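Asker: my questions concern the predicted model and sequence given below.
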Amino acid sequence: MKKIISDFLDLHIGEEEPKLVLDHVTQNVSFRGSNLWILACAILIASVGLNVNSTPVIIGAMLISPLMGPIVGAGFALATYNFSLLKKSMKNLLIATIVSLAVSILYFYLSPFKEAQSELLARTSPNIYDVLIAFFGGIVGAVSITRVEKGNPIPGVAIATALMPPLCTAGFGIATGNFSFFLGAFYLYTINCFFICIATFFVIKFLQYQPVLLTNKIYEKRIRYGITVLIIVMIIPSFYLAYNLLNERRYNQNVENFINDEFNNNGYVIIYKKINYTANPKSIELAFLSKKFDSHEIKNLNQTLTKFGINNTNLIIKQNTTDLKSEILNEINSQKNTVSEKDIQINVLKEELSKYKMDNPELVKEIGILFPEVQEISLGKLQTFYKPDSTGVQTAFIYESHTKIDEEKLKEWLENKLKINNIIVIKTKK
C-alpha cells in the first residue's frame, strides 16, 4: 500500500532530463532582443488594463509576459549551486524590473487618466494570501518546467502569481507622485519574486538535481558557502515577511470582530473607520453617525480591546462635529471634482464624435425625389491620411443602386446643397 501511494505521488514520473531542463531555464533567463520587446509590450498592455480597469486586458498581459524566466532561473541556480546562472538571472531580473518600471512610468505620465481604479488599488496592499499564491504558484511553475510535457500550468502560474500588475502600479505611483502606492506595489512584487524563487529552490532540491561541479575545489567550496549564505539571507526575510503579513491579517480580523461585537450588533452606525497598523502604538479611529461616548465608556472600550487579541492599540473615537463635517465635505468635494473631470472628458469625446457625424433627414427626402434610383445611402466624414505627419477629414457619400445614375450630377448637387467641396461619391453593390 505504501508503495502504491509512493508511486502515485512520485514527481520523478514524466520528468525531463536535467540537462534539457537547465537549457530551457537558461534560454528563458535572458532579456535581449525579442524578449525585451515582448516584456515592454506586455507592461504597456498591463498598464492600459489597469488604467481602464479591464481585468481581461491585465490577464492577457500576464500571459505574454516573460518576467518569470529570471526568477525561476535564480531559484534553479541556488538549488544547483550554479553561480554563473545565478549571476545571469539576477542581472536580467534587474534589467527587466528597470525596463518595466520605465515603460509603466512613461505610460502613466503621458496618460490623461490619473484616477486609481479598483484593479490598480488591489495591488497596493499585499497580504498573507499573496504570499501563499506566490509560493504555491512557484511550486507549480517549477514542477511544470521539469516535465517532458509542459502542459497548461505555465500560463496559469503567470496569471496567478501576477508579477506584471504590481510593477505597473509601482510605475503609476512614481508617475503620479503617490509613493505609498509605489512602496505597496513594489512590496507585493518583491514578495512574489521571493516566494516563486524559494518555491523553485525547494522543488529542484526535492528532485535531487546534481549541483554544478567545478575543477577548482577551493573555489567550488567558496561558491557553495556563498550561495548557502545567500539562500539563508533570502529565506529568513521571506518567512519574516510572511509572518508579519499573517499577524497583520489576524490583527485586522480581530479589529473587525471587535467592531461588529461592540458597535454593529448594538445598532451604532459607523461613518468613518481608519486602522493604522504600522504606528506604535497602533490606532483604530472611528466616528459614529449619532452615538456619543463619554470618557469612561471610551476607557472601558480600550480595555476591552485585549479580550479580542488587540494589543498595543489605542481606540480613538472622533466626536468633534466640526472636524467630521469638514472631512465629509472634503470627501464630497473630491468626488464632485472627479465627476467634473469625467464630464469634461465626455464632452471632449462628444465634440470629437460630432466632427464625423452628419444627420440631415431633409437631405434624404430630397435625394429620394431628385434621384429615385438611389436606394440606400450613408453620409459621413472619414479621416484620410495624405502625409505621414498630417491627417485630414473628408465627406463621403456611399449609395446603393441597381441602375446607372449620373454620379457627377449627384456630386455637384451634394456639394451645392451641403456647401462642401470635394465630396467622395462611392457606389456599392449587395
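Answerer: Yep, that arrived.
Asker: please spell out which residues along stretch 259-278 are buried.
Answerer: By neighbour count with 16 or more other CB atoms under 10 Å, stretch 259-278 contains the buried residues Ile259, Glu262, Phe263, Ile275. To be clear about C-beta, it is placed using only N, CA and C from the backbone, and glycine gets the same treatment.
Asker: the second one contacts Asn302, correct?
Answerer: Looking back up the chat, that one is Glu262. No. The criterion here is CB atoms under 8 Å, and Glu262 misses it with Asn302 at 11.2 Å.
Asker: if we can go back for a sec, how about JSON lines for the buried residues of stretch 259-278, with pLDDT added?
Answerer: Output for those, formatted as JSON lines (pLDDT from 0 to 100):
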{"residue": "Ile259", "pLDDT": "92"}
{"residue": "Glu262", "pLDDT": "89"}
{"residue": "Phe263", "pLDDT": "90"}
{"residue": "Ile275", "pLDDT": "88"}
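Asker: so which of those residues is the closest to Leu44?
Answerer: Nearest to Leu44 out of the buried residues of stretch 259-278 is Ile275 (CB to CB; 35.6 Å).
Asker: what's the helix or strand encompassing Leu410 in contact with?
Answerer: Counting by DSSP states H and E, the element that carries Leu410 is helix 407-418. Here helix 407-418 makes contact (CB atoms under 8 Å, 6 or more residues apart in numbering) with 360, 363, 366, 370-371, 374, 395, 397, 420-423, 425, 427.
Asker: between those residues, which has the most around it?
Answerer: Most neighbours among these, by other CB atoms under 10 Å: Phe397, with 23 neighbours.
Asker: A strand includes that one, no?
Answerer: Yes. Looking at Phe397 with DSSP: H, G, I helix; E, B strand; the rest coil, it is inside a strand.
Asker: which secondary structure element contains Met90?
Answerer: Assigned by DSSP H and E, Met90 belongs to helix 83-110.
Asker: just after that helix, pick out the following helix or strand.
Answerer: helix 118-121.
Asker: for that following helix, packing partners?
Answerer: Packing partners of helix 118-121 (3 or more CB pairs under 8 Å, 6 or more residues apart in numbering; DSSP states H and E): helix 34-52, helix 164-176.
Asker: can you tell me which of the buried residues of stretch 259-278 end up in helices?
Answerer: Residues of the buried residues of stretch 259-278 located in helices (DSSP state H): Ile259, Glu262.
Asker: take the contacts of helix 407-418 and keep only those in helices.
Answerer: Under the assignment DSSP H, these contribute Leu363, Glu366, Leu370 to helices.
Asker: what's the local residue count around the nearest residue to the first one once chain neighbours are set aside?
Answerer: When you say that, I think you mean Leu363. Excluding the flanking residues, the one nearest Leu363 by CB to CB, 6 or more residues apart in numbering is Lys417, at 6.7 Å. If you count neighbours by other CB under 10 Å, Lys417 ends up with 15.
Asker: about what we covered before: quick one: least confident of the contacts of helix 407-418?
Answerer: Across the set of these, Asn360 stands lowest in pLDDT, at 67.
Asker: and Met62, what element?
Answerer: Take DSSP H and E as the rule and Met62 turns out to sit in helix 55-64.
Asker: counting contacts, what elements does that helix pack onto?
Answerer: helix 34-52, helix 153-161, helix 164-176.
Asker: just the CA trace of stretch 38-50, in PDB.
Answerer: Written as PDB, here are the backbone C-alpha positions of stretch 38-50 (Å, rounded to 0.1, in the frame of the first residue of the first chain):
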ATOM      1  CA  ILE A  38       7.700  41.400 -25.600                       C
ATOM      2  CA  LEU A  39       8.300  42.500 -21.900                       C
ATOM      3  CA  ALA A  40       7.900  46.200 -22.900                       C
ATOM      4  CA  CYS A  41       4.700  45.500 -24.800                       C
ATOM      5  CA  ALA A  42       3.300  43.300 -22.000                       C
ATOM      6  CA  ILE A  43       3.900  46.100 -19.500                       C
ATOM      7  CA  LEU A  44       2.200  48.600 -21.800                       C
ATOM      8  CA  ILE A  45      -0.800  46.300 -22.200                       C
ATOM      9  CA  ALA A  46      -1.000  45.700 -18.400                       C
ATOM     10  CA  SER A  47      -0.700  49.500 -17.700                       C
ATOM     11  CA  VAL A  48      -3.600  50.200 -20.100                       C
ATOM     12  CA  GLY A  49      -5.600  47.400 -18.500                       C
ATOM     13  CA  LEU A  50      -5.100  48.900 -15.000                       C
END
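Asker: show me what that stretch is in contact with.
Answerer: Here stretch 38-50 makes contact (CB under 8 Å, 6+ apart) with 31, 54-58, 60-62, 64-67, 96, 99-100, 103-104, 107-108, 111, 117, 119-120, 123, 164-165, 167-169, 171-172.
Asker: give the buried residues for that stretch.
Answerer: Quick answer for stretch 38-50 (16+ other CB under 10 Å): Leu39, Ala40, Ala42, Ile43, Leu44, Ile45, Ala46, Ser47, Val48, Gly49, Leu50.
Asker: against Val233, how distant is the fourth one?
Answerer: Distance check for Ile43 against Val233: by CB to CB, to the nearest Å, it reads 29 Å.
Asker: now Asp406
Answerer: For Asp406, the distance to Val233 (CB to CB) stands at 85 Å.
Asker: Three-state assignment for Val212, please.
Answerer: coil.
Asker: try Gly380
Answerer: Gly380 ends up strand, using three-state DSSP.
Asker: is it in a bridge, and if so with what?
Answerer: Ala396 (DSSP bridges).
Asker: neighbours of it, how many?
Answerer: Using other CB under 10 Å: Gly380 sits among 12 other residues.
Asker: wait, it sits on Ile420?
Answerer: No. Applying CB under 8 Å as the test, Gly380 and Ile420 come out as separate, 12.0 Å apart.
Asker: what's near enough to touch the nearest residue to Gly171 once chain neighbours are set aside?
Answerer: For Gly171, ignoring the flanking residues on the chain, the nearest one in space by CB to CB, 6+ apart is Ser104 at 2.6 Å. Contact analysis of Ser104 by CB under 8 Å, 6+ apart lists Ile43, Leu44, Ala46, Ser47, Leu167, Cys168, Ala170, Gly171, Phe172, Ala175.
Asker: cool, Leu301 as well?
Answerer: Glu262, Phe293, Leu315, Ile317.
Asker: list just the nearest of those residues to Thr80.
Answerer: Nearest member of the contacts of Leu301 to Thr80, counting by CB to CB, is Leu315, at 53.0 Å.
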